[in-house]
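Asker: Predicted model and sequence below, questions to follow.
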Amino acid sequence: MYTADACFDLHLMRVTKLMGTTFDRASFVPALLCAVGVALATPAAQAQGEPFVVKEASGSPTVSVGGTVIPYKEVTLSAQLPGRVSYLAGIEGDSFKEGALIVALDDQELLANRRALLAQMSSADAQLRNASVQYNREIFSPRSRTPPGGMGIPNLFDQMFTRPMESITGERSQGAELNADLYASGTQIHEARNGILRLQAELQALDSKLRDARSIAPFDGVVVKKFVEVGDTVQPGQPILAFADIEYLQVEVDVPARLRPGLREGMMLQAELDVNHRRVPVRVAQIFPTADPQRHTVKVKFDLPQGVSEPGAYSKVLVPDFNAPERANPVIPLSAVRYNGSLPGVYVIDETGNVQLRLIRVGEPLPNGFVTVLSGLRTGERVVNDPGPNVTQGWSEGAPPSPPQSGQKSNR
C-alpha cells in the first residue's frame, strides 16, 4: 500500500518525465494540493445538490386504460352504383370544405336515360292536353247528338223522324250515350296524368342515381385514405375513400365496467400520449349506454386539446377507481431518479451523511416534475436531488473519494 508521500513522489516523477522539466518538491506541493482541492471539492459540492425529504401524497388511485386517438367525425364514402371512377379531387392529406366535390363516377349513360325520360314526359303532357280538349268537346258538342253523315232527304228524314221515334220507343237514350262519352274522355285524362306521374317518379329515381354518382364532402375535413384511383371500376358498396375531420380529436377507450360509476360527461381527467409521454387534460365527451357482453367494458370517448396528437396514435387515460381504498405513496422529484440500465434508483442519505444507492419502483408521474414511488422508499427519508456524476454508493458530502489502493484499479 502506498503512503501519501510515496504517491506524491511517484506522481511528481511522472510529471517531470513527461514535461522534461525538473520541479522542486517544496515549490510543487502547494500548487498540486490546490489543484487537487479544487478538483475534489468543486464536483462534490455540485454533485449532491440539495437533499430532498420524501413526502407523501394521498388520494384515490387511478387505473391507466389504453385507447386510440380517433377523429371527431369520420365517414367512408362508398359506391352506390356500378361505374367507372372519372374524378378524384385529391390525395391523402388534402383538405376540402363542406359541399366540395370529391369523387365522381362516369354518368354519360344516366344522362342519356334522363334525356329519354324528358322526351317521354313531353309526349305524355301532349296526350293529357288532347284528352282535356276532347272532354270539353263532349260537354259543349256531344257526339250523341250529331246525326250520321250524308246530305239531302235521307239526312233530313233521320233528324225529323228516325231519332225522335227511337227516343219515343226507348230504343235509344242520348243521355246515356253522353255520359258514356264523357266518362271515356275523363278516363283518357286520368291515364295521361298517371303516365306523367310515372315518368316523374322514374326521373326522380334517375336523378338520385346521378346524385349518388357524385360524392360531396359532408363537412370540413381531409382525405384520410384512398381505396381507388381514376379509371377503376367500382361496384355498389365498394369503399372509395375515407374522409375525416381531424381538427378535433378524441380518445376512444374501452373502460372496465367497474370503473363506469366514477365517470360522468363533462368530467376532466388526465391522458398520457404515447409519442412523447406528454400529459394533457381530457374531457369525458360521450359514455355509451351499454357494455360489451364479451369483454364487459363500456366505450367512452374523451375530447383532446387541439394539436396534441394525430388519429391512430395510442394514448392512456387515467381513470379514477373509487372502489379501491385510498393509499398514500411517497413522492420525490423526477430529477432524483437515476436509471442503472432499466432499473430506477435513488441515492438515499443515511443518518451519518453517507449516500446509498437504493432501487425503487416508480409509479405515476405527477404535475410539477414529481413522481410517486410504489416501493423502495419511506416517507421522511432524504434523497439526493439531481445527483451529479461523482455521486456513488458510500459517498458523503465533505469526504472526498479515497485514492486507489495497491493492486486496485481506479474508477476513472
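Answerer: That came through, no problem. From a predicted model like this one, the values you see are computed outputs, not experimental measurements.
Asker: Kindly state the beta-bridge partners for Pro365.
Answerer: Val371 (DSSP bridges).
Asker: Also the one 10 residues further on?
Answerer: With DSSP bridges as the criterion, Ser375 is bridged to Arg361.
Asker: And for it, the neighbour number?
Answerer: Ser375: 11 surrounding residues under other C-beta atoms under 10 Å. No exception for glycine: its C-beta is placed from N, CA and C like everyone else's.
Asker: So which bits of the helix or strand harbouring Leu203 are buried?
Answerer: Using DSSP states H and E, Leu203 falls within helix 174-212. Going by neighbour count (16 or more other C-beta atoms under 10 Å), the buried part of helix 174-212 is 178, 181-182, 185, 188-189, 192-193, 195-196, 199, 202-203, 206, 209-210, 212.
Asker: Send me stretch 334-351 as PDB with only the CA atoms.
Answerer: Extracted C-alpha coordinates of stretch 334-351, given in PDB (Å, rounded to 0.1, in the frame of the first residue of the first chain):
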ATOM      1  CA  LEU A 334     -38.100  13.200 -11.200                       C
ATOM      2  CA  SER A 335     -34.600  14.700 -11.100                       C
ATOM      3  CA  ALA A 336     -33.700  12.400  -8.200                       C
ATOM      4  CA  VAL A 337     -34.300   9.200 -10.100                       C
ATOM      5  CA  ARG A 338     -31.300   7.600 -11.800                       C
ATOM      6  CA  TYR A 339     -31.500   4.600 -14.100                       C
ATOM      7  CA  ASN A 340     -29.000   1.800 -13.900                       C
ATOM      8  CA  GLY A 341     -29.800   0.100 -17.200                       C
ATOM      9  CA  SER A 342     -33.600  -0.200 -17.000                       C
ATOM     10  CA  LEU A 343     -33.800  -0.200 -13.200                       C
ATOM     11  CA  PRO A 344     -34.700   3.100 -11.500                       C
ATOM     12  CA  GLY A 345     -32.900   4.000  -8.300                       C
ATOM     13  CA  VAL A 346     -32.200   6.900  -5.900                       C
ATOM     14  CA  TYR A 347     -29.400   7.900  -3.700                       C
ATOM     15  CA  VAL A 348     -30.600   7.800  -0.100                       C
ATOM     16  CA  ILE A 349     -28.700   9.900   2.600                       C
ATOM     17  CA  ASP A 350     -28.500   8.000   5.900                       C
ATOM     18  CA  GLU A 351     -28.000   9.300   9.400                       C
END
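Asker: shaky segments in the stretch 51-200 of the chain?
Answerer: The model of the stretch 51-200 of the chain has pLDDT under 70 over residues 58-60, 143-177.
Asker: which residues touch the residue nearest the centre of the chain?
Answerer: The centroid of the chain falls nearest to Ile70 when counting by C-alpha atoms, centre = their mean (1.7 Å). Going by C-beta atoms under 8 Å, 6 or more residues apart in numbering, Ile70 touches Leu249, Gln250, Val251, Glu252, Lys301, Pro311, Gly312.
Asker: In contact with Asp271: list those residues for me.
Answerer: Let me fix one detail, which is that residue 271 is Ala and not Asp. Contact analysis of Ala271 by C-beta under 8 Å, 6+ apart lists Val251, Arg279, Val280, Pro281, Val282, Phe302, Leu304, Ser315, Lys316, Val317, Leu318.
Asker: tell me which residues form a beta bridge with the residue lying closest to the fifth one once chain neighbours are set aside?
Answerer: If I follow you right, that is Val282. For Val282, the nearest residue in space outside its immediate sequence neighbours is Phe302; the separation is 4.0 Å by C-beta to C-beta, 6 or more residues apart in numbering. Beta bridges link Phe302 to Val251, Val284, judged by DSSP bridges.
Asker: For Trp395, give me the pLDDT.
Answerer: Looking at Trp395, its pLDDT stands at 56.
Asker: One more: the one 4 residues further on?
Answerer: Listed pLDDT for Ala399 reads 46.
Asker: And for Asp321?
Answerer: pLDDT recorded at Asp321 is 80.
Asker: Could you report the distance from it to Val284?
Answerer: 15 Å (C-beta to C-beta, to the nearest Å).
Asker: of those two, who's got more company?
Answerer: For the pair Asp321 and Val284, the greater number of neighbours falls to Val284 (18 against 15), based on other C-beta under 10 Å.
Asker: That one and Leu263: what is the separation?
Answerer: Taken as C-beta to C-beta, the span from Val284 to Leu263 is 6 Å.
Asker: Next, show the common contact partners of the two.
Answerer: By C-beta under 8 Å, 6+ apart, the residues touching both Val284 and Leu263 are Val300.
Asker: of the contacts of Ala271, the lowest pLDDT goes to which?
Answerer: Lowest pLDDT within the contacts of Ala271 is found at Arg279 (83).
Asker: was I right about Arg283 contacting Phe302?
Answerer: Yes. Assessed by C-beta atoms under 8 Å, Arg283 is found in contact with Phe302 at 6.4 Å.
Asker: Settle it for me: which of these two has more neighbours?
Answerer: The residue with more neighbours, out of Arg283 and Phe302, is Phe302; 25 against 15, by other C-beta under 10 Å.
Asker: Surely the more buried one and Val317 touch.
Answerer: Yes. The criterion here is C-beta under 8 Å, and Phe302 meets it with Val317 at 5.9 Å.
Asker: where do the contact lists of these two overlap?
Answerer: Counting by C-beta under 8 Å, 6+ apart, the residues touching both Phe302 and Val317 are Gly67, Val251, Val253, Leu269, Ala271, Val282.
Asker: which one of these is nearest Arg137?
Answerer: Val251 (77.1 Å; C-beta to C-beta).
Asker: Name the nearest residue to Asp254, ignoring sequence neighbours.
Answerer: With sequence-adjacent residues excluded and distances taken as C-beta to C-beta, 6+ apart, Asp254 is closest to Thr297, at 4.0 Å.
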